[in-house]
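Engineer: mind looking at a prediction? Sequence and model below.
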Amino acid sequence: MKFAVVVSMSPSGSTDHVGQVIAASLKSKGVEVVSVDLAKQSGLESDVLERLGNDRSCLFVGSPVYFSRVIPPVLEFIASLPLATGGHAVPFVTWGGASSGIALHDLGVALQERGYGVIGAAKVLAEHSMMWRFENPLGENHPDETDDRLVTDLVERVVDKFSAASPVPALPLEMLAYQPPQAFTEMSKVVFAKAKTNMPAKQVDEEQCTQCGVCAEECPVGAITLAPYPEFADNCICCFKCLRICPEDAFTNDLSMLDTRIRERARTMDEHPKTEMFM
């Protein structure tokens, strides 16, 4: 491997952390790396796209798991890629300890449809992004050093694949369909837009809100406008970053019901291993 692109969207920072570990490991192996944050850049420059078409290149794509699925901006990015011939990709997801869903399989399917064979994949445990207000959040202190070492090992093995074989063999996508069959079927029915309606509406205390605009500036999908108080467009992905970063604590949502629901989901799914590499 001579060239790699690492693409992700990371409202809470966990997926970006994994992307940084991937990029650092690639660079240590002498691979040239371009990193892209989809919250700041929706696509790739033409010269980068051209270089991705080389058989010595690889695309790493990461997403957090929301509602058992990939967040829409990441799928939209993949769908925008020109059709490749013999491309290589490594999808990765972060999840908060309740369920990693079928997001990794979703990414694999989307990448394969654009001509990118999946040559490795990763799911990485992270602190649940909706539990920052509560004690003992699921996935607390993750990703940790052990997770990072597993990711680094994955990258090294992927790079070695390029030296060992040409063309580089792809994984069967069935490997990424690791949920129990009934759960996989139910998760496949989840529609992101509909699932969002089960989340609590964001409530703004207009006396607390100073209209500073931090929430609008930091929204990863640009879904917030001030009119004069925060209003939310349909492309909101329910990451609740606005609640986490508001300097005035002007969002008054009670998330205790979510906390209960998330923990019940974790007990029901009882998913292991928490962090796993696929090769």
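Structural biologist: Thanks, I have the structure now.
Engineer: may I have stretch 141-151 as CSV, with CA atoms only?
Structural biologist: C-alpha atoms of stretch 141-151 as CSV (Å, rounded to 0.1, in the frame of the first residue of the first chain):
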residue,chain,number,x,y,z
ASN,A,141,-13.0,5.2,29.0
HIS,A,142,-13.1,3.5,25.5
PRO,A,143,-11.5,3.4,23.1
ASP,A,144,-8.5,2.6,25.3
GLU,A,145,-5.0,1.4,24.8
THR,A,146,-6.1,-2.2,24.2
ASP,A,147,-8.6,-1.0,21.5
ASP,A,148,-5.9,1.1,19.9
ARG,A,149,-3.5,-1.8,19.8
LEU,A,150,-6.1,-4.0,18.1
VAL,A,151,-6.7,-1.3,15.5
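Engineer: okay, buried residues for it please.
Structural biologist: 142-143, 147-148, 150-151 (16 or more other Cβ atoms under 10 Å). Just so you know, the C-beta spots here come from the backbone N, C-alpha and C atoms, and that holds for glycine as well.
Engineer: from those residues, which is closest to F3?
Structural biologist: Distance to F3 across these (Cβ to Cβ) is lowest for V151, with 19.4 Å.
Engineer: who touches the closest one in this structure?
Structural biologist: Applying Cβ atoms under 8 Å, 6 or more residues apart in numbering to V151 gives the contacts 18, 21-22, 25, 92, 122, 124, 143, 277.
Engineer: which of those fall in strands?
Structural biologist: Counted as lying in strands by DSSP state E, out of those, are 92, 122, 124, 277.
Engineer: as a markdown table, these with pLDDT and distance to L49 would be great.
Structural biologist: Converted to a markdown table, the ones in strands among the contacts of V151 look like this (pLDDT from 0 to 100; distance: Cβ to Cβ, whole Å):
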| residue | pLDDT | distance to L49 |
| --- | --- | --- |
| F92 | 99 | 21 |
| A122 | 99 | 24 |
| V124 | 99 | 27 |
| M277 | 99 | 27 |
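Engineer: okay if I get these as CSV plus neighbour count and distance to A98?
Structural biologist: Output for those, formatted as CSV (neighbours: other Cβ atoms under 10 Å; distance: Cβ to Cβ, whole Å):
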residue, neighbour count, distance to A98
F92, 27, 18
A122, 25, 18
V124, 28, 14
M277, 19, 20
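Engineer: is the residue nearest the centre of the chain in a helix, a strand, or coil?
Structural biologist: Centrality entry for the chain: nearest residue to the mean C-alpha point is S63, 1.2 Å, by Cα atoms, centre = their mean. With DSSP: H, G, I helix; E, B strand; the rest coil as the basis, S63 sits in strand.
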